[in-house]
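> here is a sequence with its predicted model. Questions after.
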Amino acid sequence: MKHRWSILLLLVTAALGADSFEAFGHKWSVPHREDWQLDTEAGAPVLHLLTGREPLPGPRRPYQFALADTADLLRVKVEADLKPLRRSLMIVFAYHDSAHFDYAHLSTDIASKQPVHNGVFHVYGGERVRISSDRGPASFTELGRWYHVVVQYDGATGEINVTVDGKPVPSLHAVDVSLGAGKVGIGSFNETGDFKAVKITGL
């Protein structure tokens with residue numbers, strides 16, 4: 001009986017990990033392939049997140065993001081052009097598994113008015129927890145335009161810094177030494193948007 005359950009678990013795991021695509025020089029794994037569309041007709045590839053999905057039952061944490069198939073990176077710089085179509089998008093880093101990762105949530109909301117938006121959040125076996133201050137302006141000032149976002153993470157010191165169009169965002173600075181090296185992802189908590197010129201650099 002144990003053997004049968006092991007085979008079933010392997011089949012389910014394989015099925016869950018089967019959704020993927022290639023873009024920006026990487027293979028990306030996603031929960032639902034139909035939620036993503038890669039447009040290569042306009043010159044530079046643009047990745048569209050078409051569907052915003054609510055978190056799965058249980059601890060409230062995001063899962064609607066594409067995870068790059070890279071080595072686990074202790075120090076990494078993630079550069080991307082982001083176009084929010086609703087309020088927010090996010091960049092994941094230090095990803096170990098679906099219950100252990102950090103992410104930068106970039107939003108039109110000001111963090112002091114909406115504490116679960118526009119900040120750096122930590123997932124460690126439970127619900128996401130804010131680990132950055134709520135000071136400063138929103139990351140996005142308007143919808144439907146491109147923003148150049150840079151996330152730098154140093155897993156040795158825990159330092160996390162984010163800039164938007166070259167300017168630091170005070171509410172997107174944090175320190176987390178609990179996760180160390182991990183993978184990178186792009187997506188949204190439960191909304192939609194576009195991504196282009198994504199570059200992942202190990203430092």
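Nice, I can see it.

> my read: residue 31 touches residue 64, true?
Yes - contact criterion C-beta atoms under 8 Å: residue 31 and residue 64 qualify, at 6.6 Å. C-beta here means a position set from N, CA and C on the backbone, and glycine is covered the same way.

> more neighbours: which of these two?
Per other C-beta atoms under 10 Å, whichever of residue 31 and residue 64 has more neighbours is residue 64, with 24 against 18.

> who's in contact with the more buried one?
Neighbouring residues of residue 64 by C-beta atoms under 8 Å, 6 or more residues apart in numbering: 31, 35, 49, 51, 52, 53, 187, 188, 189, 190.

> need the residues touching each of residue 31 and residue 64.
In contact with both residue 31 and residue 64: residue 53, using C-beta under 8 Å, 6+ apart.

> closest one to residue 60 out of the contacts of residue 64, please.
Set against residue 60, the nearest of these by C-beta to C-beta is residue 189 (9.3 Å).

> could you measure from that closest one over to residue 172?
15 Å (C-beta to C-beta, to the nearest Å).

> ok, now how distant is residue 80 from residue 133?
Residue 80 is 23 Å from residue 133, by C-beta to C-beta.

> for residue 140, give its distance to residue 47.
Distance, residue 140 to residue 47, by C-beta to C-beta: 18 Å.

> then residue 166?
23 Å.

> of these two, which one has the most company?
The neighbour count for residue 166 versus residue 47, taken as other C-beta under 10 Å, is higher for residue 47 (22 against 7).

> which residues does the more buried one bridge with?
residue 38, residue 195 (DSSP bridges).

> my read is that it contacts residue 196, right?
Yes - contact criterion C-beta under 8 Å: residue 47 and residue 196 qualify, at 6.9 Å.

> hey, which helix or strand in this protein has the poorest pLDDT?
Within the chain, judged by mean pLDDT, DSSP states H and E, the helix or strand with the poorest mean is helix 2-16; its value is a mean of 36.

> residue 80 and residue 133: which is more packed in?
A count of neighbours by other C-beta under 10 Å puts residue 80 above the other of residue 80 and residue 133, at 22 against 15.

> just the buried ones out of the contacts of residue 64, please.
Using 16 or more other C-beta atoms under 10 Å as the burial test, the contacts of residue 64 include 31, 35, 49, 52, 53, 187, 188, 189, 190 as buried.
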